[in-house]
Every structure is written in structure tokens, then in C-alpha cells.
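>>> Mind folding the following:
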Amino acid sequence: MPAAPLPARPRTAEPDPGALRACMSRFPTGVTVVTFDDDGAPRGATMNSFTSVSADPPLVLVSVARGARCHRRLTGRPFCVNILGAEQEPLARLFAGAGGPAEPRWAAGARVPRLANPLAWVQCAPWRSYAAGDHTLVLGRVTDLGHRDGDALTYAWSRFGTAVEATEGVEHLI
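As a prediction, this is how the structure comes out:
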């Protein structure tokens with residue numbers, strides 16, 4: 001028997017930020033490391049707030065906390081969204097500031113710093129940025145991309161997980 005719906009609470013104030021994070025953690029996402037050049041040195045930050053915005057023109061969006069160390073360094077610069085494979089959790093932890101044994105390897109010859117061998121990557125030129133509360137929405141125009149086969153690193157319930165690569169997509173329905 002399905003659980004009865006919870007009664008609606010009277011809305012008197014905005015939700016507590018911790019409650020919002022706990023609620024949103026139920027939405028599984030992929031995990032990315034957004035990389036960029038910082039005065040000649042490759043830098044990156046782990047982010048899971050990433051989405052495709054438009055196919056024409058090709059645009060993607062990352063949401064960057066204004067308090068993040070990378071905020072002022074990333075905004076207005078070319079960047080690369082590295083979508084991580086399941087085996088790359090140590091890189092996600094490293095670029096999230098947790099440290100650990102991971103040592104990033106960088107793709108040789110990339111115009112914008114890019115991790116070597118991510119599950120997928122999307123290179124972007126800066127397009128627009130918008131203030132959004134305690135974050136900045138950074139839109140990039142896609143200038144190059146690539147991908148490989150493999151399982152994806154995911155994040156839900158404040159933990160890393162894996163999305164197993166599908167062996168069959170919807171193309172068999174068409």
C-alpha cells in the first residue's frame with residue numbers, strides 16, 4: 001500500500017538551506033570537474049550542477065558558488081566540463097578539496113585545460129553569466145567535445161555512486 005502523502009505545511013518562511021540541500025540530494029546527478037587556465041596553471045573544481053541548455057547555439061551551464069575559490073577565476077574564461085567516469089571518484093574528491101592520493105593527468109595539446117580520459121568532455125568559450133542568489137550561473141558556448149564508453153560517476157544522498165553504461169538506448173524504438 002503506498003504511503004499517504006504528507007500534509008502541506010503552511011508557507012511562512014523559506015526553507016532552511018540544510019533542508020533544501022537534504023531534499024535536493026535525492027536527485028541523482030553526474031559528477032564533473034570544471035577545468036580552466038589560471039594564469040598559466042591548470043585548475044579545476046568538482047561540480048554537479050551542470051546541464052545542457054541549448055542545441056542552437058550549443059550552450060551548457062554550470063552553477064558556481066560565489067564563495068568558491070574558483071568563482072572569480074572561472075567566470076569570463078574558457079572552461080572545460082569533464083564528466084567523470086565511475087573509476088574517477090578520487091579525482092572528484094581531489095578537486096572538491098578533500099585531497100587524497102589522486103594526481104590529475106592533463107590532456108596533452110588541449111586548448112583549455114582538460115583532464116586526461118574523462119567519460120566525456122565539453123570545451124566552452126564564455127557566453128554569459130548571471131547572478132543567482134549565492135551562486136553565479138555560467139553559460140558556455142560549446143566549442144569542442146568528446147566522449148568514451150564506460151560507467152558514469154554519480155552523486156546522490158550525499159554519496160558517490162555509479163550509473164552503469166546502458167547496452168541499449170532508445171534508438172531501437174525509433
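>>> and E89, how many residues sit next to it?
19 (other CB atoms under 10 Å). No exception for glycine: its C-beta is placed from N, CA and C like everyone else's.
>>> Leaving out the residues flanking it, which one is nearest to it?
F160 (5.1 Å; CB to CB, 6 or more residues apart in numbering).
>>> Repeat that for P101.
P90 (6.5 Å).
>>> How about the contacts made by the one you found?
G100, P101, A102 (CB atoms under 8 Å, 6 or more residues apart in numbering).
>>> returning to that earlier point: tell me the helices and strands packed up against the host helix or strand of the residue nearest to E89.
Following DSSP states H and E, the helix or strand that holds F160 is strand 159-163. Counting by 3 or more CB pairs under 8 Å, 6 or more residues apart in numbering; DSSP states H and E, the packing neighbours recorded for strand 159-163 are strand 152-156.
>>> At which residues are the strands of the chain located?
Along the chain, counting by DSSP state E, strands occupy 29-30, 32-38, 41-47, 50-55, 58-65, 79-83, 120-132, 135-147, 152-156, 159-163.
>>> Dump these to CSV, plus mean pLDDT and mean neighbour count.
Below are those laid out as CSV (pLDDT from 0 to 100; neighbours: other CB atoms under 10 Å):
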stretch, mean pLDDT, mean neighbour count
strand 29-30, 91, 16
strand 32-38, 96, 23
strand 41-47, 94, 19
strand 50-55, 96, 12
strand 58-65, 96, 19
strand 79-83, 98, 26
strand 120-132, 97, 17
strand 135-147, 97, 17
strand 152-156, 94, 19
strand 159-163, 92, 13
